[in-house]
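# curious how this folds, go ahead:
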Amino acid sequence: MAGYVGVLVSDPWLQNQFTQVELRSLKSHFDTMKREKGCLTLADLPSQMAKLKQVGENLTEQERESFIRDSYKCLDEDVDFEIFLRVYLKFQAHAAARMGNNVKNSSAFLKSPTSTLLHTISESEKASYVAHINNYLVGDEFLKKFLPIDPSTNDLFEISKDGVLICKLINVAVPGTIDERAINMKRMLNPWERNENHTLCLNSAKAIGCTVVNIGTQDFIEGRRHLVLGVISQIIKIQLLADLNLKKTPQLVELVDDSKDVEELMNLPPEKILLRWMNFQLKKAGYNKIVTNFSSDIKDGEAYARLLNVLAPEYTTPSMLTVRDPSERAKLVLEHADRMGCKRYLTAKDIVEGSPNLNLAFVAHIFQHRNGLSTEAKQVSFVETSPDEAQMSKEERSFRFWINSLGNSSYIDNVFEDLRDGWMLLETLDKVSPGIVNWKIATKPPIKMPFRKVENCNQVVKIGKQLKFSLVNIAGNDVVQGNKKLILAYLWQLMRCNMLQLLRNLRFHSHGKEITDAHILEWANSKVRNSGSQSHMTSFKDKSLSTGIFFLELLSSVHPRAVNWNLVTKGETEEQKKMNATYIISIARKLGCSIFLLPEDIIEVNQKMILTLTASTMYWHLKKPSEDQSFGPSDSDSSSVDTASTLDDTASESSADDISNR
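Just a heads-up that it's a prediction; the model follows:
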């Protein structure tokens, strides 16, 4: 059945929005509509989709017609199954926004707290984000003709339509994420160039931790304000919280008493660390309440008044602590912040109304400007890490962003902590192999009874064995206990399984053969060889790959205009290797590859991440509908593929050994 779904829906974004059962049901409805109408157009959908329970119950036909007219220019356009699915998703999102997200029987991803679904936008948030953009991108050579943006207009959304601004904003949030040589920057972009920029933007946003489920390139091109602003807000949040970790700000160890608490602090998400820092400073001021959120707990402004008084007492106005009216106090708080040199992210009204996004931004900016922490050598020594821990941290990051990109019901901040109850692992397994999880015996969080967590994780291990993962002498309790090496080893095998599953869904390219790591290796070498190059990789841990030349030739072979060879270095020095590596990653994302590796993974030839890059390139190439593709080597070469060593015994070997040697 996997092959059936893969051929039905070639777009991986759409594949992630539905379960296998949902796709089959919707395809049946779609086929029935086409039989009844003969030729199905966009104009037919408002009446025809009334038969779908979730749409018919929550939107009137007049609302559906109005929405279709506002969303599409040509209503006579023929509708294929993928367009039908996109309209269906938009109807659901529209209904969710109108009804406060209480849509009956809505799909799981629509309930996700990380999904950006509301069609209304906060003008206050827009103004704050515009001010942020104006401040941080003011010196950009390309954008200077557009900046500063007027927050009272919709210029932000118009300027975002070519993709350049958001790509640049991503690089402000996480420097070096996008190689600007890969961004299409010229006065007038054609539709393909604009689409490439948005593809690069969305894949890069996922790679820094944004949730972009239910958002596509067309939403940016059409300037859908709620979706564009949702992505921008996530990028800015990532930037503002970037220093909320012990690596960037080792002084944070002042918040804890011993090394055990340090480990707990390291596992907290940035927002929780920010709250802990705020409460640490408020305790100094004798403030007895605990601030647990950036909304209701700070609406009266008293916590802000106490916080700023501790951090910058020289600017305190006595009335700030004595005034009773929350609005007046909020105004005094912002005046104090201005005297400190802190840029405003909110108004007095936003404080009183408890705007969570803007209050978080405001507190994060205060932390960046003046955190009030001291440095002590004995405390900083707590956070020293070994090379093994540093490598585990990089892998944790890649797997975390990959899991979050799948559109599960919750966002995870740390795989070592957030996967221990087994639920998110079960959701991810169901995404990778729909129907494989027995939900009747699974327990959804919050889970009070420890044995229920063990039951969830026992099923995780059982399914892993069904999928032929290397899990020797492993029990569910090992996951519950947070065994880091085990969790990383499991996640690597799950990610690899997902890549092979996606390729297996394109089985019509493989002539019925199972796709293995050896096929991926041979496919890459074959593409490069057929392009006339002498480059070759012997395995996914071939040290010659560190120059990046092979992957640039591979990307050029699948899309001849993808690589500008005038920008490529020889890859002889570390700096040249890094330049090539960042260019490779950006070009791959620009084509449409959803990858989560770092430039160091190419330079150091991390065989796991090298496989993900190669397989993602292969998947993108094979699913292109415009080309008559053939898979793998010719029949005469098949014996060499069957006997080639695969990553079953190579890329997975270190993880598998870690498990079996426990």
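
# all contacts plus neighbour counts: C-alpha atoms, from now on.
Noted.

# hey, which helix is longest across the protein?
Longest helix in the chain by number of residues, with DSSP state H as the criterion: helix 484-504.

# got the buried residues for that one?
Buried residues in helix 484-504, counting neighbours by 16 or more other Cα atoms under 10 Å, are found at 484-504.

# packing partners of it?
Other elements packing on helix 484-504 under the criterion 3 or more Cα pairs under 8 Å, 6 or more residues apart in numbering; DSSP states H and E are helix 2-8, helix 387-405, helix 415-418, helix 423-432, helix 476-480, helix 607-622, helix 653-660.

# which one of those helices lies nearest to residue 592?
Residue 592 lies closest to helix 607-622 among the helices and strands packed on helix 484-504, at 6.7 Å (Cα to Cα).

# what pLDDT, on average, does that closest one get?
Taken as a whole, helix 607-622 has an average pLDDT of 94.

# show me which helix or strand of this protein is least confident by mean pLDDT.
Ranked by mean pLDDT, DSSP states H and E, the weakest helix or strand in the chain is helix 108-111, scoring a mean of 30.

# distance check, the residue nearest in space to the middle of the chain against residue 404.
By Cα atoms, centre = their mean, the mean C-alpha position of the chain lies nearest to residue 206, the distance being 2.8 Å. Per Cα to Cα, to the nearest Å, residue 206 is found 8 Å from residue 404.

# about what we covered before: show me what the host helix or strand of the residue nearest to the centre of the chain is packed up against.
Here residue 206 sits within helix 191-207, counting by DSSP states H and E. Here helix 191-207 touches helix 164-173, helix 217-221, helix 387-405, helix 574-591, going by 3+ Cα pairs under 8 Å, 6+ apart.

# same question for the shortest one: list its buried residues.
Counting neighbours by 16+ other Cα under 10 Å, one finds that the buried residues in helix 217-221 are 217, 219-221.

# closest one of the residues you listed to residue 580?
Here the nearest of the buried residues of helix 217-221 to residue 580, counting by Cα to Cα, is residue 217; it sits at 26.2 Å.

# spit out the contact partners of residue 479.
By Cα atoms under 8 Å, 6 or more residues apart in numbering, the contact set of residue 479 is 419-422, 457, 486-487.

# list the buried residues for stretch 421-439?
Residues 421-434, 437 are the ones in stretch 421-439 that count as buried (16+ other Cα under 10 Å).

# can you give me the end-to-end distance of it?
Stretch 421-439 has an end-to-end distance of 14 Å (Cα to Cα).

# what sits up against that stretch?
16, 19-20, 403, 406, 408, 410, 418-419, 442-445, 447, 453-454, 456-457, 459-460, 463, 479-480, 494, 497-498, 501.

# where does pLDDT dip in the chain?
Within the chain, the stretches with pLDDT under 70 are 1-22, 37, 53-59, 73, 94-120, 258-260, 375-389, 507-513, 625-662.

# picking that back up, what's the overlap in contacts for residue 206 and residue 404?
Counting by Cα under 8 Å, 6+ apart, residue 206 and residue 404 have no contacts in common.

# confirm that residue 306 sits in a helix.
Yes - under DSSP: H, G, I helix; E, B strand; the rest coil, residue 306 sits within a helix.

# and it, what does it touch?
By Cα under 8 Å, 6+ apart, the residues touching residue 306 are 282, 285, 287, 321.

# try 10 Å
Residues counted as contacts of residue 306 (Cα atoms under 10 Å, 6 or more residues apart in numbering) are 281-287, 313, 316, 320-321, 333.

# same check, this time on residue 548
Contacts for residue 548 (Cα under 10 Å, 6+ apart) come out as 568-571, 576-584, 599, 602-603, 605.

# nearest spatial neighbour of residue 229, skipping sequence neighbours?
Leaving aside its chain neighbours, residue 229 sits nearest to residue 126 (7.2 Å; criterion: Cα to Cα, 6 or more residues apart in numbering).

# is it true that the one you found touches residue 357?
No - contact criterion Cα atoms under 10 Å: residue 126 and residue 357 do not qualify, at 11.2 Å.

# more neighbours: the two, which one.
residue 126 (22 against 17; other Cα atoms under 10 Å).

# quick one: the more buried one and residue 359, what's the gap?
From residue 126 over to residue 359 the distance is 14 Å, taken as Cα to Cα.

# again with residue 87
For residue 87, the distance to residue 359 (Cα to Cα) stands at 35 Å.

# and what of residue 49?
Separation of residue 49 from residue 359 (Cα to Cα) stands at 41 Å.

# can you pull the contacts of the residue nearest to residue 229?
Residues near residue 126 by Cα under 10 Å, 6+ apart: 132, 151-154, 156, 225-226, 229-230, 232-233.

# if we can go back for a sec, residue 253 is nearest to which of the helices and strands packed on helix 484-504?
The closest of these to residue 253 is helix 387-405. By Cα to Cα, the value is 18.2 Å.
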